[in-house]
Every structure is written in C-alpha cells, then in structure tokens.
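S.K.: Sequence first, then the predicted structure, then my questions.
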Amino acid sequence: LKANQNKNKFEIQKAVLNYQKNILISDYVSLSTTMELYKELVPLSKTRFTKKKNYLRLLNLTNSMYHKHEPLFLIDGLLVTDFNQLLALDINEINTLYIEYTPMNRGLLSQYGRFASFGILNVRTNSYNYIPQGTVMYSWKGYEVIANQN
C-alpha cells in the first residue's frame, strides 16, 4: 500500500512539473484589451499594471511561489524585451497563448538558455508573422529579438 501511495505521489508531482497550457483565444468570451486577456486567461500567473511598470510572473511549480523575474516573452517565436510589447498587440491579432511553467523539464533551457528559467509565454498571432509598429528586429546572441526603436 505504501509503495502505491509513493508511486501516486510521484505521478502527481511529475504531472504538476510537466504542466503547460495552450490557450486558443477563440475558445473564450471576447475580451476588450490585451491587459484583460493576460489577467483573465493566463492561469497560475500574477499580473501587475502600474503607471511605471507592467509585469507578469508565472508560478514556479517546484516550490509553489511566483518567480521573482518575468518569463521569457515571445511573439510568434521571436524574443521580445518586455511585457509592454505583449500589451501593445492588437487583441484581435492574438490567436493562441502557449505557456510553459517549467521549461527545464522539456529541454527548452537548451533552446532558449537561462532566459527561460522563469517560464515561457509565447503569443502566436493570426498571421504568425507579426512585428509590432515602432520596433526593430535584430540578432542578439543567436536569437532574433524585437526591441523598441530608440
């Protein structure tokens, strides 16, 4: 009996650590802003919206605490530098949200490096070819990066 309890506990832990979420936006009621979208539809996350800084943190499933740093943000697979770039997307352009809470379990750290240690939030647009206005794309350490044009 004890061996079965330990096996079940291990299976539950394994399921929790491998948790990921794919959210198809069209499956949900229409939301008016991207701010609402991230706040309402991204499970196991904490969002804060202030005049100076907006941020999103994912839950660390290994210790049930929120990460101290933001996850890796991607738009159509391209690295973006901060959460505000995701908020600037037209809500009607967003097709799917892919969320990885513990990327080390899927080998994604080898793909994205330590930047993915705090989770990954990948936004896929309808066109899958989106570059926000007022930004430039450049290569940084082997990655294609979108940054604000300054």
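M.R.: The structure has been received and is ready for your questions. Numbers count the residues shown, from 1 in each chain.
S.K.: hang on, residue 147 packs against residue 135?
M.R.: Yes - proximity of residue 147 to residue 135 meets the contact threshold set by Cβ atoms under 8 Å, at 6.2 Å. C-beta: built from backbone N, CA, C; applies to glycine.
S.K.: Can I take it that residue 95 is in a strand?
M.R.: Yes - under DSSP: H, G, I helix; E, B strand; the rest coil, residue 95 sits within a strand.
S.K.: Quick one: neighbours of the nearest residue to residue 127 once chain neighbours are set aside, just the number.
M.R.: Leaving out its chain neighbours, the residue that sits closest to residue 127 by Cβ to Cβ, 6 or more residues apart in numbering is residue 93, at 7.3 Å. Applying other Cβ atoms under 10 Å, we find 16 residues neighbouring residue 93.
S.K.: Same question for residue 126.
M.R.: 14.
S.K.: how near is residue 22 to residue 100?
M.R.: With distances taken as Cβ to Cβ, to the nearest Å, residue 22 is found 10 Å from residue 100.
S.K.: and these two? which has more neighbours close in?
M.R.: residue 100 (23 against 11).
S.K.: Dihedrals phi and psi, the spatially closest residue to the more buried one that is not a sequence neighbour?
M.R.: Using Cβ to Cβ, 6+ apart and skipping residues adjacent in sequence, the residue nearest residue 100 is residue 120, 4.1 Å away. The phi and psi torsions at residue 120 (degrees, to the nearest 10) take the values phi -140, psi 130.
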